[in-house]
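**Student:** Build the 3D model from these lines:
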Amino acid sequence: MDLQQHEPLLTFPFLQPPAPGQTVEVAPGLLWARFALPFSLNHVNVYFIADGDGWAAFDCGIATDSTREQWQALLDGPLAGRPLTRLIISHHHPDHIGLAGWLCERYNLKLLMSQAEYLEGHYIALNPDQMAEGPFRQFYVDHGLSAEATEIVLRQGHGYLRMVTPLPHTFRRLAHGERLRIGDREFEIYTGGGHSSEQVMLYCRAENLFIGADQVLAKISPNVSVWAMEPEGDPLGLYRRSLRELQSQIDADALVLPGHNLPFRGLHLRLQALEAHHAHRCAQLVDACRAAPHSASELVPVMFPRELDPHQLSFAFSEVLAHVNYLVDRDQLRWMPAADGVRRLAAV
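**Tutor:** This next block holds a predicted model:
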């Protein structure tokens, strides 16, 4: 399954991303900026929405000195003369929330996000080292990851969790189905699970603008993972449900402003491609387990045959388990007795 098979049918109104410290106007009073990331996915998109005499920011980038410098360049350059008014965060992943605390404190901003994402951000920030201990470590071992690989994932793969500044002690909750006025625009608030617990998306129906965060990206599939805190969770089921809801609620020709990659039109085609992509991955895992029992670790190269660095391996392993749990819950795979201490799966 080629996830990019529908890409030629998508329309990209802006072929070049904004340079560091610069913005591109994607609609009147709506600016797009891009911040660098120190990963293979090397950027994150941030948007600025005209809000009275200032700008409401949507997402903020990871907590690094480089990101702070890029913020300063924006505030001294294209954003100069109009203050930041509030900060909207789509979800708690460090590339989107990393500098939220720093910005809110420095510019006295109100933080707006969903409740689940705010609480998860606090949970990780309070003690990121806990993700490497006790049941979290055992989570990887039980599913067949070697002791060496487990240590690499826990100590290096999760290092990005520390790239955040402490969140404000208060926030305004954004909830699915409600509306949010920013300047002259009214946005419908959507939330979706899968990539994260309660990711916020905004849709301006009057202008057919959809700020989709990481839920729908033009060139890649957003990571959908099971994590040790909820080892039997079904994020893939939540994600596929979200894709169906977006297709029924958002216009097919909306301008999609994503968290990564380029803005695009062709939302429904992209939603269908993502749905087919995950159906194909599920079929791959069932076929592999029909041939022979596999642990989740042994299924990683089935879905990800390329070489992975520690950061990528942690996400790949957890995404495999998301597909495994989805298939187990739907009686297509079953857990076998763990004779050697490793859990393995067989096709039903």
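**Student:** secondary structure element for Phe48?
**Tutor:** Following DSSP states H and E, one finds Phe48 within strand 43-51.
**Student:** which residues are contacting that strand?
**Tutor:** 17, 23, 26, 28-37, 55-62, 79, 85-86, 95-96, 182-185, 211, 257-261 (C-beta atoms under 8 Å, 6 or more residues apart in numbering). C-beta coordinates here come from the backbone N, C-alpha and C atoms, glycine included.
**Student:** Please spell out the ChimeraX selection for the buried subset of the residues you listed.
**Tutor:** Command for ChimeraX, covering only those of these found buried under the criterion 16 or more other C-beta atoms under 10 Å:
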select :17,23,26,30,31,32,33,34,35,36,37,55,56,57,58,59,60,61,62,79,85,86,95,96,182,183,185,211,257,258,259,260,261
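**Student:** which neighbours does the helix or strand hosting Tyr203 have in its sheet, and in what orientation?
**Tutor:** Using DSSP H and E, Tyr203 falls within strand 199-204. Take DSSP bridges as the rule and strand 199-204 pairs in its sheet with strand 185-192 (antiparallel), strand 209-213 (antiparallel).
**Student:** got a list of what Ala206 touches?
**Tutor:** Taking C-beta under 8 Å, 6+ apart as the contact definition, Ala206 lies against 185-186.
**Student:** for it, helix, strand, or coil?
**Tutor:** Following DSSP: H, G, I helix; E, B strand; the rest coil, the label given to Ala206 is coil.
**Student:** What is the burial count for the nearest residue to Asn208 once chain neighbours are set aside?
**Tutor:** Computed as C-beta to C-beta, 6 or more residues apart in numbering, the closest residue to Asn208 that is not its neighbour in sequence is Ala254, at 4.8 Å. As a burial measure, Ala254 scores 21 neighbours (other C-beta atoms under 10 Å).
**Student:** can you check Tyr140 too?
**Tutor:** By other C-beta under 10 Å, neighbour count at Tyr140 equals 24.
**Student:** ok, it - contacts?
**Tutor:** 149-150, 153-154, 228, 297, 317.
**Student:** residue ranges for the helices of the stretch 51-200 of the chain, please.
**Tutor:** All helices of the stretch 51-200 of the chain, identified by DSSP state H, counting those that start in this stretch, fall at 65-76, 94-97, 100-107, 115-126, 134-142, 147-152.
**Student:** would you list the ones you listed in JSON lines and tack on mean pLDDT?
**Tutor:** Formatted as JSON lines, the helices of the stretch 51-200 of the chain follow (pLDDT from 0 to 100):
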{"stretch": "helix 65-76", "mean pLDDT": "96"}
{"stretch": "helix 94-97", "mean pLDDT": "95"}
{"stretch": "helix 100-107", "mean pLDDT": "96"}
{"stretch": "helix 115-126", "mean pLDDT": "87"}
{"stretch": "helix 134-142", "mean pLDDT": "84"}
{"stretch": "helix 147-152", "mean pLDDT": "81"}
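**Student:** Save those as JSON lines, and put in distance to Leu313 too.
**Tutor:** Formatted as JSON lines, the helices of the stretch 51-200 of the chain follow (distance: least, C-beta to C-beta, whole Å):
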{"stretch": "helix 65-76", "distance to Leu313": "24"}
{"stretch": "helix 94-97", "distance to Leu313": "18"}
{"stretch": "helix 100-107", "distance to Leu313": "27"}
{"stretch": "helix 115-126", "distance to Leu313": "19"}
{"stretch": "helix 134-142", "distance to Leu313": "10"}
{"stretch": "helix 147-152", "distance to Leu313": "7"}
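**Student:** on that earlier part again, quick one, which of the strands paired with strand 199-204 is nearest to Glu307?
**Tutor:** Closest approach to Glu307 among those is made by strand 209-213 (28.9 Å; C-beta to C-beta).
**Student:** Now do the closest one against strand 43-51, angle only.
**Tutor:** Angle, strand 209-213 to strand 43-51, by axes from the mean of the first three to the mean of the last three C-alpha atoms, to 10 degrees: 140 degrees.
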